[in-house]
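Asker: heads up, no residue letters with this:
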């Protein structure tokens, strides 16, 4: 039996952005009501729910999200995640970097995507 967590507890906010952002990019708050792509190993507050338009972007802040991962494959269960260098997510390296603990629910190693709860 297949299950789907898509749509579970999704909350999306429209925020300002200073650069163009694609869908599925981890973002961080840069100033009041404004986000930008999170930098490598930076904790992220959410994932863009669509591409930016006219200086605004929809950001998913809670619920089940899927994103491309880079580096070490995340494992299911609680993991410390942070932004990757290329608009992806990654498991947070233990060498002084800070991430955000999230529940990883599924990993697709072929597509290099992970599903997790924000």
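Answerer: Done, it's in. None of these values were measured; they are calculated from a predicted model.
Asker: residue 117 contacts residue 61, doesn't it?
Answerer: No. Counting by Cβ atoms under 8 Å, residue 117 stays clear of residue 61, with 11.5 Å between them. All C-beta atoms are positioned from the backbone trio N, CA, C, and that covers glycine.
Asker: residues in contact with the residue lying closest to residue 86 once chain neighbours are set aside?
Answerer: The shortest distance from residue 86 to any non-neighbouring residue, by Cβ to Cβ, 6 or more residues apart in numbering, is to residue 70 (5.9 Å). Residue 70 is in contact with 84-86, 88-90, 112, counting by Cβ atoms under 8 Å, 6 or more residues apart in numbering.
Asker: okay if I get these as CSV plus distance to residue 35 and pLDDT?
Answerer: Shown next, in CSV, are the contacts of residue 70 (distance: Cβ to Cβ, whole Å; pLDDT from 0 to 100):
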residue, distance to residue 35, pLDDT
84, 17, 91
85, 18, 84
86, 18, 89
88, 17, 94
89, 15, 95
90, 19, 93
112, 24, 95
